[in-house]
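S.K.: Sharing a model that was predicted from the sequence below.
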Amino acid sequence: MTEFTPVSATVGGLTIGLAAGLLLLLRGRVAGISGVLGSALSQPLGEKGWRLAFLIGLPMGAAAVSLVAGSLVVDIAASTPVLVAAGLLVGLGTQLGSGCTSGHGVCGIARGSKRSIAATLVFMGSGAITVFVVRHVLGASS
């Protein structure tokens, strides 16, 4: 069973939107994690610094929330092989979709990109179908 947490979800969404908006306004860059990660080491020094800071800040933010909450906020029940396979599939999907959910869903839709709207519909639809199949067809529970 999942919990309905509208306050934390709203604060999280506003924070992500604010960060993505500031990155676009101040650096002219889209906050797509796959693009930031993919070019973090191949860029000149001026471009490399903000990318590395952005990437380092992601787990640091999660760690800060865990410290404030007193425990790890997310409990990952999957095995290491499943997590590796999932990561590889996500990487494949970002290559096929020319970007990730953060780039398309947060930034692309906000800019009115038709490609991003289509990609996000595919991401969300695929996720909904996967949950339905796993829970109702295969009978697995969370």
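M.R.: Great, that's in hand.
S.K.: Grab the nearest non-local neighbour of Ser113.
M.R.: Take Ser113 and drop its neighbours on the chain: the residue closest to it by CB to CB, 6 or more residues apart in numbering is His104, 7.5 Å away. The way it works is simple: take the backbone N, C-alpha and C, and place the C-beta from them, glycine included.
S.K.: Touching, that neighbour and Gly97? I think so.
M.R.: Yes: under the criterion of CB atoms under 8 Å, His104 makes contact with Gly97 at 6.9 Å.
S.K.: The residue nearest to Ser102 when sequence neighbours are not counted and Asp75: what is the separation?
M.R.: Nearest non-adjacent residue to Ser102, counting by CB to CB, 6+ apart: Ile33, 5.0 Å away. Relative to Asp75, Ile33 is positioned 22 Å away (criterion: CB to CB, to the nearest Å).
S.K.: Specify which residue of those two has the higher count of neighbours.
M.R.: Set Ile33 next to Asp75 and count neighbours by other CB atoms under 10 Å: Ile33 wins out with 17 against 6.
S.K.: ok, Val36 touching Gly57?
M.R.: No: counting by CB under 8 Å, Val36 sits too far from Gly57 to count as a contact (10.7 Å).
S.K.: of the two, who's got more company?
M.R.: Under the criterion of other CB under 10 Å, the comparison of Val36 against Gly57 puts Val36 first, with 22 against 12.
S.K.: What's the per-residue pLDDT of that one here?
M.R.: In this prediction, Val36 carries a pLDDT score of 85.
S.K.: Tell me the helices and strands packed up against the helix or strand where it lies.
M.R.: Val36 is located in helix 33-38, with elements delineated by DSSP states H and E. On a contact count with 3 or more CB pairs under 8 Å, 6 or more residues apart in numbering; DSSP states H and E, helix 33-38 meets helix 45-69.
S.K.: at 10 Å instead, please
M.R.: For helix 33-38, the contact count by 3 or more CB pairs under 10 Å, 6 or more residues apart in numbering; DSSP states H and E identifies helix 45-69, helix 80-96 as packing neighbours.
S.K.: Now do the buried residues in the shortest one.
M.R.: When burial is assessed from 16 or more other CB atoms under 10 Å, helix 80-96 yields the following buried residues: 93-94.
S.K.: List every C-alpha atom in it, with coordinates, as PDB.
M.R.: Output for helix 80-96, consisting of C-alpha atoms alone and laid out as PDB, is shown next (Å, rounded to 0.1, in the frame of the first residue of the first chain):
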ATOM      1  CA  THR A  80      21.100  -6.300  -7.100                       C
ATOM      2  CA  PRO A  81      20.700  -8.100 -10.500                       C
ATOM      3  CA  VAL A  82      17.200  -6.700 -10.900                       C
ATOM      4  CA  LEU A  83      18.500  -3.200 -10.100                       C
ATOM      5  CA  VAL A  84      21.300  -3.600 -12.600                       C
ATOM      6  CA  ALA A  85      18.900  -4.800 -15.300                       C
ATOM      7  CA  ALA A  86      16.500  -1.900 -14.500                       C
ATOM      8  CA  GLY A  87      19.400   0.600 -14.800                       C
ATOM      9  CA  LEU A  88      20.500  -0.900 -18.200                       C
ATOM     10  CA  LEU A  89      16.900  -0.700 -19.500                       C
ATOM     11  CA  VAL A  90      16.500   2.900 -18.300                       C
ATOM     12  CA  GLY A  91      19.800   3.700 -20.100                       C
ATOM     13  CA  LEU A  92      18.600   2.000 -23.300                       C
ATOM     14  CA  GLY A  93      15.300   3.900 -23.000                       C
ATOM     15  CA  THR A  94      17.000   7.300 -22.700                       C
ATOM     16  CA  GLN A  95      19.000   6.500 -25.800                       C
ATOM     17  CA  LEU A  96      15.900   5.400 -27.800                       C
END
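S.K.: Perfect, that will be all.
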